[in-house]
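**Q** need a 3D model of the sequence below.
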Amino acid sequence: MASSAGKIEELIRLVWCRQLYTGVGGPTFGVIGHGRANPDEGMELLDVRFELDGTVYRGPAAIHEYASDWYKHAHHEDPGYDHCVLNLVVHDDAVICRADGSVIPNAAIVFPRELAERYERLLGESGSYRCGALLAGMPEVKRYNLLTELTCERLERKYDEFLQRYRQADNNWNEAFYVSLFRAVGAGSNRESYERLARTVSFTQICRVRESVASAEALLLGAAGLLEAEPSDDYSDKLRYEFKHLSRRFGIVPMHRNAWNLRSGRPDQKPVLRIAELAALLVSGEFFFSRLVNCKTQRDIRQVFSASASEYWTTHYCFGQPSGRSVKRFGDMMLDNLGINLVVPMIFAYGKITGNEELKERAIGILEEIRAENHIRIVREWKTHGVAADNAFFSQGLLELTREYCEKKRCAYCNIGRIVLCSQ
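**A** Just a heads-up that it's a prediction; the model follows:
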């Protein structure tokens with residue numbers, strides 16, 4: 001087998017759990033229960049039950065390509081592996097022991113060579129949308145169920161990310177939302193810089209200057225290190241003066257201008273204008289977390305984020321360079337992005353934390369209202385392979401499939417990959 005050891009171990013786990021093997025262990029070994037996969041770190045299988053030489057064993061099991069990998073991975077020195085009752089392997093090439101010297105039985109698993117070859121091919125093509133034809137040819141109900149599982153996985157993963165920010169914010173919903181808002185607006189190469197800005201200027205500090213959009217602009221643009229831009233004009237000079245006062249008041253150390261990617265993107269996507277739009281939103285009184293949780297439709301979301309940047313930006317995209325007159329606010333694509341990557345995950349997270357199933361269902365319903373993310377290359381590629389997303393609910397599923405399974409070559413964990421592997 002040419003695949004890496006980790007990938008072979010994933011295949012062994014699939015073969016064991018799906019009972020695709022043709023033999024396992026010796027003549028005195030008998031499987032009673034296959035247990036279940038361990039989603040966390042440590043041994044790969046939990047609650048395995050088997051009989052060996054007339055004795056019944058039950059507990060966690062490890063998986064390795066070679067039995068001797070036990071020592072390569074230093075499991076014999078790890079107390080966390082002392083409870084291991086079985087080492088499931090392809091090649092039984094060594095006697096293995098726990099830290100106390102007691103022997104752990106190996107069980108060599110045998111499965112068809114065709115299965116291993118199919119797995120090799122699948123891994124080699126995992127980034128080429130190989131499963132597109134399979135997905136496209138599935139009965140609609142089955143495809144719907146598979147993509148629903150993937151979208152729900154994505155929501156659960158975003159929930160975990162939000163929960164971490166929520167805890168970092170001392171369980172403050174508004175602060176956690178504020179940081180999440182900046183991350184969502186900063187999608188792409190500037191995402192980390194936007195999040196850093198949200199942590200440089202806190203939600204509480206923004207609330208203290210909400211009486212003036214110019215003060216909010218000065219605080220955010222100054223903290224971002226973006227008030228030193230050239231050319232300047234009277235308005236940027238005014239904001240610089242205001243920031244000197246605010247930075248002393250709040251003890252803010254500005255970010256460096258070089259933290260931002262200022263070259264890529266259209267003029268209406270540049271950080272200076274985006275931050276000015278954020279400032280307008282944050283002083284509008286419509287950004288509080290409670291307002292977001294009450295959104296029931298895509299239209300509600302658009303109303304929440306409908307604030308326009310201040311009058312200066314009506315004739316500017318950047319400082320010192322007048323442009324044609326146009327009101328600056330988040331466009332349709334950004335509004336969809338905020339719905340998909342901010343509002344829906346936060347409603348879902350709030351529903352999960354509070355045990356409110358209606359909120360979780362509402363989050364999914366909103367996703368189904370938002371158009372598919374056809375501007376994303378991955379979604380377009382799936383469409384060319386026969387799998388078109390009808391809405392954001394399905395495009396999110398396709399993104400999860402590609403980024404968390406295909407690109408990471410986790411075919412043995414993927415329900416679609418398993419169908420390919422298990423087909424004859």
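
**Q** remind me, longest helix of the chain?
**A** Using DSSP state H to define each element, the chain has its longest helix at helix 140-168.

**Q** which stretches of the stretch 201-350 of the chain form strands?
**A** For the stretch 201-350 of the chain, the strands defined by DSSP state E, counting those that start in this stretch cover 316-318, 321-322.

**Q** most tightly packed of these?
**A** strand 316-318 (a mean of 20; mean count of other C-beta atoms under 10 Å). Where you see a C-beta, it was placed from the backbone N, CA and C, and this is true even at glycine.

**Q** just checking: what are the partner strands of it?
**A** Taking DSSP bridges as the criterion, strand 316-318 forms sheet pairs with strand 321-322 (antiparallel).

**Q** and the strand it pairs with, average pLDDT?
**A** Averaging pLDDT along strand 321-322 gives 90.

**Q** so how far is that strand off the chain centroid?
**A** Its chain's average C-alpha position is 39 Å from that of strand 321-322, according to C-alpha atoms, centre = their mean, to the nearest Å.

**Q** JSON lines for the strands of the stretch 201-350 of the chain, including distance to residue 376?
**A** As requested, the strands of the stretch 201-350 of the chain are exported to JSON lines (distance: least, C-beta to C-beta, whole Å):
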{"stretch": "strand 316-318", "distance to residue 376": "25"}
{"stretch": "strand 321-322", "distance to residue 376": "31"}
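
**Q** residue 33 reaches residue 47, doesn't it?
**A** Yes - between residue 33 and residue 47 there is a contact under C-beta atoms under 8 Å: 6.9 Å.

**Q** joint contacts of the two?
**A** Common neighbours of residue 33 and residue 47 are listed as residue 58 (criterion: C-beta atoms under 8 Å, 6 or more residues apart in numbering).

**Q** who has more neighbours, those two?
**A** Shown here are residue 33 and residue 47; by other C-beta atoms under 10 Å, residue 47 has more neighbours (13 against 10).

**Q** what strand or helix carries that one?
**A** Here residue 47 sits within strand 45-52, counting by DSSP states H and E.

**Q** quick one: name whatever helix or strand follows that strand.
**A** Of the helices and strands lying after strand 45-52 in sequence (DSSP H and E), the nearest is strand 55-66.

**Q** which of the residues in that following strand are buried?
**A** Neighbour-count burial for strand 55-66, counted by 16 or more other C-beta atoms under 10 Å, picks out 59-66.

**Q** repeat for stretch 375-395
**A** By neighbour count with 16+ other C-beta under 10 Å, stretch 375-395 contains the buried residues 378-379, 382-383, 385, 387-389, 392-395.

**Q** so of the residues you listed, which ones are in helices?
**A** Going by DSSP H, the helices hold 378-379, 382-383, 392-395 from these.
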